[in-house]
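Asks: Curious how this folds, go ahead:
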Amino acid sequence: MTDMGIDSRDFYHEMQARQRSAATGKAPKFGGQKAKVLERDITKAIRNTLAALKIYHWKEHGGLGSFPGVADIIGVHPGNAQHPDWKGRIIAIEVKTATGKLSDAQVLFLNNVRESGGFAIVARSVDDVISALDAGGMFLFSGKA
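Replies: As a prediction, the model looks like this:
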């Protein structure tokens with residue numbers, strides 16, 4: 001037990017369950033209760049996937065002076081053997097939980113990216129990104145049966 005009364009093993013197992021759930025977008029059960037899938041867990045899983053795909057990307061942190069509605073993750077597609085013409089296309093990923101809603105500014109931003117030839121993705125799980133980028137064949141298991 002830690003000073004705060006939290007068993008470190010329970011904390012570890014809860015974090016593992018959250019990371020697994022971020023891949024599928026489904027809330028895991030932990031201690032008889034559903035653990036909430038957090039946007040940050042989904043974001044981390046997506047960024048790990050983009051890194052595995054060797055896609056240059058960064059996390060966009062909104063704040064004072066930032067562009068309204070800018071997506072959570074911005075990247076540039078490197079192209080690949082299957083889609084060489086995708087090289088250089090922008091990738092904009094707005095991360096949401098299963099119940100998260102897009103703001104009007106986020107819808108406008110994603111529409112502008114899409115109309116400009118980029119990938120505009122609303123991702124509630126890693127599988128949404130893998131599917132949108134046609135990258136299913138890059139992974140042995142994508143979480144879908």
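Asks: What average pLDDT does stretch 55-67 get?
Replies: What stretch 55-67 shows for mean pLDDT is 90.
Asks: what's the first-to-last distance across it?
Replies: 23 Å (CA to CA, to the nearest Å).
Asks: Please apply the same query to stretch 79-98.
Replies: Start and end residues of stretch 79-98 are separated by 30 Å (CA to CA).
Asks: Name the helix or strand for the residue lying closest to Val122 once chain neighbours are set aside, please.
Replies: Spatial nearest neighbour of Val122, chain neighbours left out: Glu94 (5.1 Å); criterion: CB to CB, 6 or more residues apart in numbering. Using the backbone N, CA and C atoms, a C-beta is placed for each residue, glycine as well. Using DSSP states H and E, Glu94 sits in strand 90-95.
Asks: Show me what that strand is in contact with.
Replies: Residues outside strand 90-95 that contact it (CB atoms under 8 Å, 6 or more residues apart in numbering): 39, 42-43, 46, 55, 57, 70-77, 102, 106, 109-110, 113, 116, 118-124, 129, 133.
Asks: The same query, at a cut-off of 6 Å, please.
Replies: Here strand 90-95 makes contact (CB atoms under 6 Å, 6 or more residues apart in numbering) with 39, 42-43, 71-75, 77, 106, 113, 118-123.
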